[in-house]
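Student: What follows is a predicted protein model with its sequence.
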Amino acid sequence: MNERLKQLYKTQILTNAEDQTYFKELTEATHILEAYNPMCGDKYTLYLKMVGEKIAEASFKGYGCAISRASTSVLIKNILGKSLQELQAIIEQFMEVINEESEKSPESITADEELLAFAGTREYPERKKCASLSWDELKVNYPSELSAGNSEDLELS
Amino acid sequence: MNERLKQLYKTQILTNAEDQTYFKELTEATHILEAYNPMCGDKYTLYLKMVGEKIAEASFKGYGCAISRASTSVLIKNILGKSLQELQAIIEQFMEVINEESEKSPESITADEELLAFAGTREYPERKKCASLSWDELKVNYPSELSAGNSEDLELS
Amino acid sequence: MFDPIAIKSQFPIFKKKTPNGVDLIYLDNAATTQKPQQVIDAITDYYSGYNANVGRGTYWPATKATGAFEATRTKVKDFINANSLKEVIFTSGTTDGINKVVNAYLMPQLKPGDEVIVTEMEHHGNFVPWQQACIKQGASLKMIPLTETGDLDYGAYDDLLNENTQLVAISAISNALGVKNNLEYLTNKAHAVGAKVMVDAAQLVTHEKIDVQAIGCDFLCFSAHKLFGPTGVGVLFGKEELLSEMPPLSFGGGMVKRVTLEGTSFADLPAKHEAGTSNISGVIGLGAAIDFVNSIGIEAIHTHTRALTDYAIEKFSHIEEITIFGNPKDRTSLVSLAVEKAHPHDVSAFLGERGIAIRAGHHCAQPLMDYLQVSGTCRISFGIYNTKEDVDRVVEALIEVRDFFA
Amino acid sequence: MFDPIAIKSQFPIFKKKTPNGVDLIYLDNAATTQKPQQVIDAITDYYSGYNANVGRGTYWPATKATGAFEATRTKVKDFINANSLKEVIFTSGTTDGINKVVNAYLMPQLKPGDEVIVTEMEHHGNFVPWQQACIKQGASLKMIPLTETGDLDYGAYDDLLNENTQLVAISAISNALGVKNNLEYLTNKAHAVGAKVMVDAAQLVTHEKIDVQAIGCDFLCFSAHKLFGPTGVGVLFGKEELLSEMPPLSFGGGMVKRVTLEGTSFADLPAKHEAGTSNISGVIGLGAAIDFVNSIGIEAIHTHTRALTDYAIEKFSHIEEITIFGNPKDRTSLVSLAVEKAHPHDVSAFLGERGIAIRAGHHCAQPLMDYLQVSGTCRISFGIYNTKEDVDRVVEALIEVRDFFA
Ligand SMILES: Cc1ncc(COP(=O)(O)O)c(C=O)c1O
Ligand SMILES: Cc1ncc(COP(=O)(O)O)c(C=O)c1O
């Protein structure tokens, strides 16, 4: 097997993909978002419970490949307890780690091994969306979603 | 102007195109056919009155270019008083005159100048359908049409 | 500098001779435009280099194909100044887009007593679908008449509008007269009574900048093949609010979230309205066509084809046996005419002999032919590769036709 | 002799390397097939040499384009053994054909109490349109269940049929299981209760001879892009009697006889059902694709892809961690499988690294996924250019995936 791919799937990703800690529904969620990749069908529901300005609790459910699942798990882990302001910074940092056009090396952006594991997608444009799926959803929709909430269409999905 | 085209439109065709003799409705028609070329919109209604086995009366109305109108006029002229059997032979002869793949020269097929005038379309594939429009309609539809009659959709056309 | 000769050299068809051995002078641009090499290459590159279905596979070349396909959506959005990518739906052409809006948007809400307004100059593609919907639902189809000059009768339009008007469907430019309609006016008035507006931009797209936000229309359709792009692909613009509220244009793969025996939930915009495998090579080719147009500049194209139209009118009007149809305030892109004693098809045949391709017939606008009281016209429609010399050759040919049939 | 290597050399994409620098092993043929040079050339020749709209102009190149366009109709007629050219309607694809039949044929007559039957293995394209029509009209959608082997439960089908059944919509070959259905049986039984039959031949067309008269079906659809042809074009076959009685599939230019404000009379078949400018290059490309298939022989293709399917099943079944979905009596063209512990998308990503293009996901067949109780599968679908060596390379790759995720 190709060493580059093995690199990408290295233990960090497989471990996080199998981690069940945050893989559950959050019945008291104040905000529910849906990250969906129509290209492959991967889909995650993200549950957030805001208390004041902070994300007090978070979890996810859904279906997808090892990369998207691991990245969603890592996302949840990273936003817990954070304010919306902090959230934005975290998301931007991650986006830069996986951005193949970034001038910075991944290691110069963060020292977090779990985040760095996804830098491998810099060489895999096809898998970049897997890594960023849930992060994109939060980035694009949190300003409106976090103020309004949105569970439309979720009955069927 | 191109001499070949002038040849095609030579007096025979222009004269027949302007001939009003058969350009009328036939209220006592026993059979009505519609020759329509969707490519250009040319359309002729052919009226036939069968008495016994013979075409006792015939006429046409419609709209089209000089070639299609002349050929329809010549068609009517040629089938008047003919039996269905004779009709078939006349149509086949005309088709051969305009058939660019025929091995026979037009002059060896007929001596009728009015029919020969259309031999020019052998060199004009784009105009062949103009020459054969009404003839085709009669050829394709007379077996069924002449036994059943068909004036469907004519109200609007 | 705008140089039609240099532009023409990018269109491979003009390197061919007609069967008569003469150069092709193509003046049926309103029917379809010729294709520049870069559009043809875009299609060939896709089929030869990265052919795959889009929006599904995670392998190369599927990812590359999806990228190229979606890149066109961005190009279209910018080209027509839509608000977002969600407002750009790929269809198989103008007619397809209009039919789908009729079926999915209008039909479910149209009831007896409702009214739909079209114009007397509409192409059948923007006439028959609305008419048939009205017949089916017991609603009324109203027609904005033309004045003597061939302009829309705007006063009559104002009178037709009322609170029963559900929708107004109008061509931006008539494909048979070249009349340019005042879309902003028509749209504003329609909105004032709560009616929606569909703009048929089939002819506009290749001659003038489209700005859907400036027009304010609710829907707008065009076909790629009239914009130097491939056949079988078009665009439906719709305001996001409408597109997201209305039922899907059609149903199938790629436009669903979840399907069970009992029901289906639909994907978000724009996927919701794009069922099944799209015309992928067509969409990619449309993207190349937009790049091509942008490289020349739509304003420059507009200036050029309008100048040709003015030049042609001026020239034709000196020939007494020629009748030019319409004399509107704002005419562009084409001229419709008749030659005394010569049937339009014979005129087009004679011109065809000289390699001049024009269109004779009713131009899919029979109500307009009824208004003009003719069964057809000769239409000379311009594109970026045409020149004043082309017009001069048409004039020569028309004079000979006139003399022959005189 | 059937020689897949020689055939493959006619497909330019296989001369390319993937971004990883390896050869492409294309095994997503059920999604779309690759295009041979002669199909690409047919499209290029049209755009470069005789581009014009069809069915209208009397000038060259319009006459040549019309001839090439209509020649395809004859090729399709012979290819599917239709009775006449009137039964061959060009659409923009399978999904488009089905949606249009639903709208124009089924909807106007469907009433509460009526029933429509589909199968549990349908592609969304032959499922959601019927479902939505039933929901709209208050009719019931019934589903033929599958047996444990993945075959249709023919006994259950017999029980579902009754005098309320209006239509039965069935795939000829399931795009997710490769099950071949007994079309003659299904059609005969449906006709016995007076129901019409729509066959979705999207997968059949490239693997087996279609004979609409032998099947006896009322409608049949397929897409050119799964038959080595272009995207954006497909065929709807319909029995002449039905096509001539039903209202037009859509409305616009080219399908009318006469249009007035009050009403419209429609053209004869097949023009009646083809509104607007068709996908001309697509239709011409489809003609070239049929020529290509005929030059090889559809029987030879069938033998080859079925042998590959058998070979793959035999090989995969030796790997314990692989689950092959379905075990039907008649399977052809593809294999759907799962690798223990590895998500299908990860499997396809690993295979993609080696230049092996397979499809992972629900294959637009969510009801079938529910039946299989999975969220997706890995699908390996064969085409004429595939070989046993391709299968061997898939086996190697699957073993590595298994080991990696173990
Ligand atoms: C069985 C089946 N039906 C319908 C379709 C839809 O075909 P298209 O996307 O070309 O409209 C497909 C292909 O995706 C299919 O496999
Ligand atoms: C004004 C107008 N509307 C609609 C159409 C139909 O476009 P298409 O045939 O590409 O669907 C045309 C072109 O024929 C047109 O000129």
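Tutor: Looks like it arrived, so ask away. Please read these numbers as outputs of a predicted model, since none were measured by experiment. Ligands and ions are numbered 1, 2, ... in the order given.

Student: what does the stretch 201-350 of chain C put close to ligand 1?
Tutor: Applying C-beta under 6 Å from any ligand atom, we find that the stretch 201-350 of chain C lies next to ligand 1 at C:253, C:276-277. All C-beta spots, glycine's among them, are computed from the backbone N, C-alpha and C.

Student: Could you pull out the helices in chain A for me?
Tutor: Applying DSSP state H to chain A gives helices spanning A:3-8, A:11-18, A:66-79, A:84-98, A:106-109, A:113-116, A:125-148.

Student: Could you single out the most deeply buried of these?
Tutor: Comparing the helices of chain A by mean neighbour count (mean count of other C-beta atoms under 10 Å in any protein chain shown), helix A:66-79 comes out on top with a mean of 25.

Student: ends of stretch C:55-68, how far apart?
Tutor: This stretch, stretch C:55-68, spans 11 Å end to end (C-alpha to C-alpha, to the nearest Å).

Student: Make TSV out of the residues of the stretch 201-350 of chain C next to ligand 1 and add distance to ligand 2.
Tutor: Compiled in TSV, these are given as follows (distance: C-beta to the nearest ligand atom, whole Å):
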residue	distance to ligand 2
C:Gly253	24
C:Gly276	18
C:Thr277	20
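
Student: Of those residues, just say which sits nearest to D:Met143.
Tutor: For these, the minimum distance to D:Met143 (C-beta to C-beta) is 17.8 Å, reached by C:Gly253.

Student: count of residues packed around the spatially closest residue to the closest one that is not a sequence neighbour?
Tutor: Of all residues not flanking C:Gly253 in the chain, D:Cys364 sits nearest, at 3.6 Å (C-beta to C-beta, 6 or more residues apart in numbering or on different chains). Using other C-beta atoms under 10 Å in any protein chain shown, D:Cys364 has 27 other residues around it.

Student: C:Ala271 now?
Tutor: 19.

Student: quick check: angle from the helix or strand harbouring C:Asp392 to helix B:11-18?
Tutor: For C:Asp392, the element it lies in under DSSP states H and E is helix C:388-405. Counting by axes from the mean of the first three to the mean of the last three C-alpha atoms, to 10 degrees, helix C:388-405 lies at 80 degrees to helix B:11-18.

Student: Helix C:388-405 near chain D at all?
Tutor: No. Judged by C-beta under 8 Å from any C-beta of the partner chain, helix C:388-405 and chain D are separated, with a smallest distance of 12.1 Å.

Student: buried stuff in that helix?
Tutor: By 16 or more other C-beta atoms under 10 Å in any protein chain shown, the buried positions in helix C:388-405 come out as C:390-391, C:393-395, C:397-402, C:404-405.

Student: okay if I get those as a markdown table plus pLDDT and distance to chain B?
Tutor: Shown next, in a markdown table, are the buried residues of helix C:388-405 (pLDDT from 0 to 100; distance: C-beta to the nearest C-beta, whole Å):
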| residue | pLDDT | distance to chain B |
| --- | --- | --- |
| C:Asp390 | 98 | 18 |
| C:Val391 | 98 | 19 |
| C:Arg393 | 98 | 13 |
| C:Val394 | 98 | 14 |
| C:Val395 | 98 | 14 |
| C:Ala397 | 97 | 8 |
| C:Leu398 | 97 | 11 |
| C:Ile399 | 97 | 10 |
| C:Glu400 | 93 | 5 |
| C:Val401 | 94 | 8 |
| C:Arg402 | 95 | 11 |
| C:Phe404 | 89 | 6 |
| C:Phe405 | 87 | 8 |
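
Student: ok, and which of the residues you listed reach ligand 1?
Tutor: Of these, not one also sits near ligand 1 (C-beta under 6 Å from any ligand atom).

Student: I'd say the residue nearest to C:Gly253 and D:His124 touch.
Tutor: Yes. Contact criterion C-beta atoms under 8 Å: D:Cys364 and D:His124 qualify, at 4.4 Å.

Student: overlap in contacts of those two?
Tutor: Listed as contacting both D:Cys364 and D:His124 by C-beta atoms under 8 Å, 6 or more residues apart in numbering or on different chains are C:252-254, C:256.

Student: wait, which of these is closest to C:Thr305?
Tutor: Nearest to C:Thr305 among the shared contacts of D:Cys364 and D:His124 is C:Gly254, at 37.6 Å by C-beta to C-beta.

Student: which residues touch C:Ile180?
Tutor: To be clear, residue C:180 is Lys; Ile isn't right here. By C-beta under 8 Å, 6+ apart, the residues touching C:Lys180 are C:172-173, C:204, C:208, C:328, C:330-332.

Student: rewinding a little: against C:Met255, how distant is the residue nearest to C:Gly253?
Tutor: If you measure D:Cys364 against C:Met255 using C-beta to C-beta, to the nearest Å, the figure is 10 Å.

Student: quick one: contacts of the host helix or strand of C:Leu351?
Tutor: Assigned by DSSP H and E, C:Leu351 belongs to helix C:344-353. Defining contact as C-beta under 8 Å, 6+ apart, one finds that helix C:344-353 is touched by B:1-2, B:4-5, B:9, B:40, B:42, B:64-68, B:126-127, B:130, C:20, C:338-339, C:342, C:357-361, C:376-378, C:394, C:397-398, C:400-401, C:404-405, D:57-60.

Student: Direction included, what does the helix or strand following it pair against?
Tutor: Scanning forward in sequence from helix C:344-353 by DSSP H and E, the next helix or strand is strand C:356-357. Its sheet considered, strand C:356-357 pairs with strand C:25-26 (parallel) by DSSP bridges.

Student: Report the distance from the strand it pairs with to the chain centre.
Tutor: In terms of C-alpha atoms, centre = their mean, to the nearest Å, the centre of strand C:25-26 is set 20 Å apart from its chain centre.

Student: Backbone dihedrals for the residue nearest to C:Gly253, both of them.
Tutor: The phi and psi torsions at D:Cys364 (degrees, to the nearest 10) take the values phi 50, psi 40.

Student: lowest average confidence, helix or strand, in chain C?
Tutor: Every helix and strand of chain C was ranked by mean pLDDT, DSSP states H and E. The lowest is strand C:256-259, at a mean of 88.

Student: List the buried residues of the next helix or strand after it.
Tutor: Where DSSP H and E defines the elements, the next helix or strand beyond strand C:256-259 is strand C:264-266. By 16+ other C-beta under 10 Å, the buried positions in strand C:264-266 come out as C:264, C:266.

Student: And for stretch C:1-17?
Tutor: For stretch C:1-17, the buried set under the neighbour-count rule, 16+ other C-beta under 10 Å, comprises C:4, C:7-8, C:10-14.

Student: Please apply the same query to stretch C:353-373.
Tutor: For stretch C:353-373, by 16+ other C-beta under 10 Å, it's C:353-372.

Student: Just the terminal-to-terminal distance for that stretch.
Tutor: Start-to-end span of stretch C:353-373 (C-alpha to C-alpha) is 28 Å.

Student: and the residue of chain C found nearest chain B, how many residues sit next to it?
Tutor: Nearest residue of chain C to chain B: C:His345, at 3.5 Å (C-beta to the nearest C-beta). Close neighbours of C:His345, defined as other C-beta under 10 Å, add up to 26.
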